[in-house]
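Undergrad: turn this into a model:
(chains A and B)
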Amino acid sequence: MRALFFILTLVIGAAVGLGLTWVTTVSGYGPGLVKAGPWKAWPKAGTENADPYARAALARAGELPLELADGLAFIATTDDAGKALDGRCDMRLSGTVPQARFWTLTVTDARGRLIDNAADRSGFTSTEVVWNRDATIDIPIGPRARAGNWLPTGNRDRIQVTLRLYDTPVGLASRTSDAPAMPRLVTERCP
Amino acid sequence: MKRIVLPILAGLVLDGIVHLVAVLILPYFAEQDAYARLSVVGSVNAVAQIDDPTAFGAVLPSADPAFVAAVCIYDLADGPLKVRVPTTDDYTSISFYTRHGLPFYAINDRSAGRRVIELDLMNAKQKAALPENDEVTAADRLIVESPADEGVVIIRTLVRERGARDEVRARMDAATCGAAT
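TA: Numbering: from 1, shown residues only, chains lettered A, B, ... in the order given. Now for the predicted structure:
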């Protein structure tokens, strides 16, 4: 009987402990999260002082973080209303982008892989996108071709949008209160 | 019934310990970490181009597809290395990571302030062995101190528009990473 309880203790310990580890490293990069609307960033993960959760999540995924001195990546998996980004819907990204020397915008599937599409386009750089006259951007995202800076989604059900800022003053203070004004992300129409 | 409470409580304490240990050792035991993925692409102390990410995956997940990237896996056991990277009119950056993926230094074309970025990569011992009275070299050279002998250098250049990719890649071919002379 004693041995049974001892084994039970070990099983609970191992199962819950490893389960918790899996949960904390499979989505996101730990507690250093900075949120701005639906946009999430982990500025500290790209520094020498990255916390153990960020390091574990990155190692598990086989990624190298964008160094903060290089740039900062903002990831969105939902729109401003909190609804998951659905590649079958027509969406629109609009507004201002935080100050940076360059930025790139990329649409991927939920696992971060590029989406194959006839237009052979998976994103824009700040130099190739067409800007509005008031220095804002307007980017339709959706399955069907649209006028302007259209980004195709290939009809995937779940997509993710990543905005990477390069050579930017954003995030160097890495305090939550310093989250910059990010572009809006709105779902306009769903079939 | 009472006798089962103790194993459950002890189990909960144990799971906290298991969790903390697992998180802390994960970077050292992950088999498909960035270093392993990059080891397939290139050899030690040489620059190798990384294939562009496609719909079927990428060498490194979450790599920016707007960039052309190259890697130099380094080992400083045989002496310091010199990393030379020609820049473009747009954005070029060089990032340094430890063997286990911890970032420790990054520089871009603007902060380097020259057309060809030249860095001397060495460990603490090799840095201490540098002649101290050589003022000209100290002011003129960018010295990066690696916390360990092994690590990874990632060289990346922005491709401003898709048509320029081949041109940028050709310029990146001139990047070198090898024994300092």
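Undergrad: skip the chain neighbours and tell me the closest residue to residue B:109.
TA: Closest residue to residue B:109 apart from its sequence neighbours, by Cβ to Cβ, 6 or more residues apart in numbering or on different chains: residue B:87 at 4.0 Å. C-betas here are computed from N, CA, C, even on glycine.
Undergrad: residue B:118 is in contact with that neighbour, correct?
TA: No: Residue B:87 is beyond contact range of residue B:118, at 11.1 Å (criterion: Cβ atoms under 8 Å).
Undergrad: these two: which is more packed in?
TA: More crowded of residue B:87 and residue B:118, by other Cβ atoms under 10 Å in any protein chain shown: residue B:87, with 21 against 14.
Undergrad: what stretches of chain A score poorly on pLDDT?
TA: Along chain A, segments meeting pLDDT under 70 span A:171-179.
Undergrad: that one: strands as residue ranges?
TA: Assigned by DSSP state E, the strands in chain A fall at A:34-36, A:39-41, A:71-76, A:90-95, A:102-109, A:123-125, A:137-142, A:151-152, A:159-166, A:184-189.
Undergrad: how near is the residue nearest to residue B:109 to residue A:126?
TA: Here residue B:87 is placed at a distance of 18 Å from residue A:126 (Cβ to Cβ, to the nearest Å).
Undergrad: quick one: least confident helix or strand in chain B?
TA: Ranked by mean pLDDT, DSSP states H and E, the weakest helix or strand in chain B is helix B:135-140, scoring a mean of 58.
Undergrad: okay, now the sheet partners of the helix or strand following that one, with direction.
TA: Sequence-wise, the next helix or strand beyond helix B:135-140 is strand B:142-146, with elements assigned using DSSP states H and E. Using DSSP bridges, strand B:142-146 pairs in its sheet with strand B:116-123 (parallel).
Undergrad: go ahead and flag the most central residue of chain A.
TA: Chain A has residue A:75 as the residue nearest its centroid, 1.6 Å off, counting by Cα atoms, centre = their mean.
Undergrad: dump the strands of chain A into TSV; add distance to chain B as well.
TA: TSV is the format used below for these (distance: least, Cβ to the nearest Cβ, whole Å):
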stretch	distance to chain B
strand A:34-36	17
strand A:39-41	13
strand A:71-76	8
strand A:90-95	16
strand A:102-109	4
strand A:123-125	5
strand A:137-142	14
strand A:151-152	12
strand A:159-166	6
strand A:184-189	19
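Undergrad: want to throw the ones you listed into JSON lines with distance to residue B:180?
TA: Putting the strands of chain A into JSON lines (distance: least, Cβ to Cβ, whole Å) gives the following:
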{"stretch": "strand A:34-36", "distance to residue B:180": "39"}
{"stretch": "strand A:39-41", "distance to residue B:180": "37"}
{"stretch": "strand A:71-76", "distance to residue B:180": "28"}
{"stretch": "strand A:90-95", "distance to residue B:180": "46"}
{"stretch": "strand A:102-109", "distance to residue B:180": "31"}
{"stretch": "strand A:123-125", "distance to residue B:180": "35"}
{"stretch": "strand A:137-142", "distance to residue B:180": "44"}
{"stretch": "strand A:151-152", "distance to residue B:180": "45"}
{"stretch": "strand A:159-166", "distance to residue B:180": "29"}
{"stretch": "strand A:184-189", "distance to residue B:180": "48"}
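Undergrad: indicate which one of the ones you listed is closest to residue B:28.
TA: strand A:71-76 (24.7 Å; Cβ to Cβ).
Undergrad: for the closest one, name the packing helices and strands.
TA: Counting contacts by 3 or more Cβ pairs under 8 Å, 6 or more residues apart in numbering or on different chains; DSSP states H and E, strand A:71-76 is packed against strand A:39-41, strand A:159-166.
Undergrad: I'd like those strands laid out as a markdown table, including distance to residue A:19.
TA: Conversion of those to a markdown table gives the following (distance: least, Cβ to Cβ, whole Å):
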| stretch | distance to residue A:19 |
| --- | --- |
| strand A:39-41 | 23 |
| strand A:159-166 | 25 |
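Undergrad: now those in CSV, with mean neighbour count?
TA: Supplementary listing: the helices and strands packed on strand A:71-76 in CSV, determined by neighbours: other Cβ atoms under 10 Å in any protein chain shown:
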stretch, mean neighbour count
strand A:39-41, 23
strand A:159-166, 24
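Undergrad: can you tell me which of these is nearest to residue B:59?
TA: That would be strand A:159-166 among the helices and strands packed on strand A:71-76, by Cβ to Cβ, at 17.3 Å.
Undergrad: who does the closest one pair up with?
TA: strand A:71-76 (antiparallel), strand A:102-109 (antiparallel).
Undergrad: what's near enough to touch the nearest residue to residue B:22 once chain neighbours are set aside?
TA: Nearest residue to residue B:22, sequence neighbours excluded (Cβ to Cβ, 6+ apart): residue A:21, at 4.2 Å. Neighbour list for residue A:21: A:56, B:18-19, B:22-23, B:26 [criterion: Cβ atoms under 8 Å, 6 or more residues apart in numbering or on different chains].
Undergrad: looking at those residues, spot the one nearest residue B:92.
TA: Residue B:92 lies nearest to residue A:56 out of the contacts of residue A:21, by Cβ to Cβ, at 30.4 Å.
Undergrad: tell me how many other residues surround residue B:59.
TA: Quick note: residue B:59 (other Cβ under 10 Å) scores 18 neighbours.
Undergrad: quick check, it in a helix?
TA: No: Residue B:59 is assigned coil when assessed by DSSP: H, G, I helix; E, B strand; the rest coil, not a helix.
Undergrad: let me know the pLDDT of it.
TA: On pLDDT, residue B:59 comes in at 90.
Undergrad: and it, what does it touch?
TA: B:37-38, B:40-41, B:50-51, B:53.
Undergrad: tabulate the residues you listed (TSV), appending neighbour count and distance to residue A:71.
TA: As requested, these are exported to TSV (neighbours: other Cβ atoms under 10 Å in any protein chain shown; distance: Cβ to Cβ, whole Å):
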residue	neighbour count	distance to residue A:71
B:37	18	21
B:38	21	20
B:40	8	26
B:41	16	22
B:50	21	17
B:51	11	21
B:53	23	17
